[in-house]
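Peer 1: Structure of the sequence below:
(chains A and B)
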Amino acid sequence: MTVKRISKNTRTTFITYGFVAAAFAVLQVLNSSGDLSPLLSGMLIPICAWVVMAISLNLTVGILGELSLGHAGFMSVGAFMGTTAAIALQRSVESAPLRLAIAIVVGAVFAAIVGFLIGIPVLRLNGDYLAIVTLAFGEIIKSIFTNLYVGIDERGFHMSLLKDRTDLLPGGKLIIAGPMGIGGVERISTFIAGFVLIMICLIVIFNLVNSRAGRAIMALRDNRIAAESVGISVTKYKMMAFVTSAAMAGGAGALFALNYSTVVANKFDFNNSILVLVFVVLGGLGNMLGSIIAAAALTILPEALRQFADYRMLVYAIVLILVMLGTNNPQIKNAFATCFDWLKGVFRKQSAKVSGERKEV
Amino acid sequence: MSFLNFLISGISLGSIYAIIALGYTMVYGIAKMLNFAHGDVIMVGAYICFFAVSRYSLPPLVGILVAMVICTLLGIIIEKLAYKPLRAAPSLAVLITAIGVSYFLQNAAQLLWSSNPKVFPMFFQRMVSKTTPDGTVQIVPVNGIDLFGGELRVSYVTIVTILVCLIIMLALTAFTGNTKMGKAMRACSEDKDAARLMGINVNTTISVTFAIGSGLAAIAGVLLCSAYPTLVPTTGSMPGIKAFTAAVFGGIGSIPGALLGGLMLGVIEIMAKAYVSTQLSDAIVFAVLIIVLLVKPTGLLGRPVREKV
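Peer 2: Predicted coordinates for the structure are as follows:
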């Protein structure tokens, strides 16, 4: 019988799946037995949403190699469209999980459409210029949702910008109310749904990365001109990664929004785009497991730092700077390595001593 | 006349953006990094000037000088502690560190000075004695001049802002063009290794760039808060983002580009507020930015970079 060698890629993939599944199992058991602190159990769904955001942005930044500063914009699209769908279907679809699934799909589809429309101009640019245009789109999306009014009545959907001109028939309902956002949302998100969404996104990303298209995308990242010269279509593959990433962010947005009773556009501003970028860079570019751990850890960290009370965000900032310095400065890295070597040396000496003593006896 | 009024306030706002954008563009040109903490240095400058003037009752000019000195020191310290150790690191790592510094400054400001909004004092006004209809003489502050029989009103803040912006631009152009340090800066932004071979101390040059940018940020903070007098720990972040877009708009790395980009952004923002919609003005500003970048991908005055195979 021949033993098949498992490639390093496959191993990483399965370690990631295994880690997520194990973390889910442990948390689910703890949660149902009531051993989890109320704080943490309330944060399970947001953690899932931020994890999905982080791995989806990692697809754009780590795999495609383009800096995006407007990822929260896609989350916003997913949140508003998903919640609107959930509210509109409240009567026709009885089962809450099914409604949640539809909401997430609707959010993802709308975010993908917006991602495609934004991608047409954005992906023609490179580097920092691309980053600033994604930032601009994020702000535009926020502005639009702050001023959008959407209502539903027997005649269907009505929408208007700036002022409420939806003219709903009696019995109709104003869903998105401009700066007030969406209120009175039924909280139907569940931790299981979050876990399923993470797994689906991971499967999509790993299969994309290990496919012909994924290799083309990574070739574009490593050397665009060389990739172009062997016949890889820049626009097609960039767009593929960008739209996939946007769709996942949309799904995450719907999951996130349906965990709260209100949705407002200001929740998804530039700071959140930056926060997700921090998860990705801290976890390691292109490293999905790293993104997952970083997203979970940094979502819990501000809550875990509650003992520092007023100082918690200050401590958070210092931790962030120190981690970046520790992982990127060659001198500090060397210092760590020297410490490690020294420790190893000490242990070796001790073991040598022990064995020497034994010999004497 | 109202159009002229809007144009002048647009230019004034644009001048503030331009001064902030200078900090971004100079640092980007030389260190190739987006210094996200720049907007928060503005906020620190405004707070220091506020306390110098209202608590220690120093004259405004001294307050501004104190703010400039402290911000310059702050810029140098940030550069030394957070950015210098990462000189060889990938640019994204430096970007995240800058974000960390930005969080740090905002939260430190919140702890030190609380998040209650402070009302910035009016610096640019003069006292005029006026006779009221019932015969008493009152001393009233006047904060602007009226032109064309009162149809056009220009506040002193506006005039000072525009003048200061012009002076800074001229001074910086002279500095980078004629002095030894200025030439070193340009050399470093062209090619760091070649500059090092010519005997230029690259580290010092980068520190000086940060110092100048942060000093300018203090001026921008004072001008910003004189025009919009509410001061909170997040005051600097939105103008920071706008100024950053202004720098990109004009072509990042170019000093005249920062001026042009800042002015255009300010005028577009005020015009959009006046004629289209107040709530959507930000969206319009960013939409114009996107269109400009699509037509001219390196900004208005940016030099196109040749791609080498």
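
Peer 1: Mind jotting down where the strands sit in chain A?
Peer 2: A:148-153, A:156-161, A:173-177 (DSSP state E).

Peer 1: For chain B, find the nearest of those strands.
Peer 2: Shortest distance between chain B and the strands of chain A, using C-beta to the nearest C-beta, is found for strand A:156-161: 7.7 Å. (C-beta placed from N, C-alpha, C; glycine too.)

Peer 1: elements contacting that closest one?
Peer 2: On a contact count with 3 or more C-beta pairs under 8 Å, 6 or more residues apart in numbering or on different chains; DSSP states H and E, strand A:156-161 meets strand A:148-153.

Peer 1: hmm, the strand it packs on touching chain B?
Peer 2: No: residues of strand A:148-153 are not located near chain B by C-beta under 8 Å from any C-beta of the partner chain, the shortest gap being 10.6 Å.

Peer 1: Can you tell me the SS state at residue B:34?
Peer 2: Put simply, residue B:34 is coil when judged by DSSP: H, G, I helix; E, B strand; the rest coil.

Peer 1: right, I mislabeled it, should have said residue B:302
Peer 2: Secondary structure state of residue B:302, per three-state DSSP, is coil.

Peer 1: and it, how far is that from residue B:91?
Peer 2: Residue B:302 sits 18 Å away from residue B:91, going by C-beta to C-beta, to the nearest Å.

Peer 1: Repeat that for residue B:242.
Peer 2: In this view, residue B:242 and residue B:91 are 22 Å apart by C-beta to C-beta.

Peer 1: Specify which residue of the two has the higher count of neighbours.
Peer 2: Taking neighbours as other C-beta atoms under 10 Å in any protein chain shown, residue B:242 and residue B:91 compare with residue B:242 leading, 26 against 15.

Peer 1: Tell me, what's the model's pLDDT at that one?
Peer 2: On pLDDT, residue B:242 comes in at 87.

Peer 1: repeat for residue B:148
Peer 2: Residue B:148 carries a pLDDT value of 66.

Peer 1: same question, residue A:182
Peer 2: Looking at residue A:182, its pLDDT is 80.

Peer 1: Does it touch residue A:84 like I think?
Peer 2: Yes: if you go by C-beta atoms under 8 Å, residue A:182 and residue A:84 touch, sitting 7.3 Å apart.

Peer 1: Next, show the common contact partners of those two.
Peer 2: Residues touching both residue A:182 and residue A:84 by C-beta atoms under 8 Å, 6 or more residues apart in numbering or on different chains: A:175-176.

Peer 1: Leaving out the residues flanking it, which one is nearest to the residue of the stretch 151-300 of chain A found nearest chain B?
Peer 2: At 4.7 Å from chain B, residue A:281 is the closest residue in the stretch 151-300 of chain A, using C-beta to the nearest C-beta. Distances taken as C-beta to C-beta, 6 or more residues apart in numbering or on different chains put residue B:96 closest to residue A:281, at 4.7 Å, once the chain neighbours are dropped.

Peer 1: Ramachandran angles for the one you found?
Peer 2: Phi and psi for residue B:96, reported as degrees, to the nearest 10, are phi -70, psi -40.

Peer 1: who's in contact with the closest residue to residue B:233 other than its chain neighbours?
Peer 2: Spatial nearest neighbour of residue B:233, chain neighbours left out: residue B:109 (4.0 Å); criterion: C-beta to C-beta, 6+ apart. Shown in contact with residue B:109 (C-beta under 8 Å, 6+ apart): B:40, B:43-44, B:47, B:233.

Peer 1: Residue A:317 versus residue B:109, what's the distance?
Peer 2: Relative to residue A:317, residue B:109 is positioned 12 Å away (C-beta to C-beta).

Peer 1: low-confidence ranges in the stretch 101-250 of chain B?
Peer 2: B:126, B:143, B:147-151 (pLDDT under 70).

Peer 1: Show me which residues of the stretch 1-150 of chain B are close to chain A?
Peer 2: Close to chain A, as judged by C-beta under 8 Å from any C-beta, the stretch 1-150 of chain B has residues B:28, B:34, B:36, B:82, B:85-86, B:88-90, B:92-93, B:95-97, B:99-101, B:103-104, B:106-108, B:110-111.

Peer 1: Mark which of these are buried, thanks.
Peer 2: Buried by 16 or more other C-beta atoms under 10 Å in any protein chain shown: B:28, B:34, B:36, B:82, B:85-86, B:89, B:92-93, B:95-97, B:99-101, B:103-104, B:106-108, B:110, out of the residues of the stretch 1-150 of chain B next to chain A.

Peer 1: In stretch A:204-218, which residues are buried?
Peer 2: So for stretch A:204-218, counting by 16+ other C-beta under 10 Å, buried means A:204-206, A:208-209, A:213-214, A:216-218.

Peer 1: I'd like to know which of those are part of helices.
Peer 2: A:204-206, A:208-209, A:213-214, A:216-218 (DSSP state H).

Peer 1: Between the two ends of stretch A:307-315, how far is it?
Peer 2: Taking C-alpha to C-alpha, to the nearest Å, stretch A:307-315 runs 11 Å from one end to the other.
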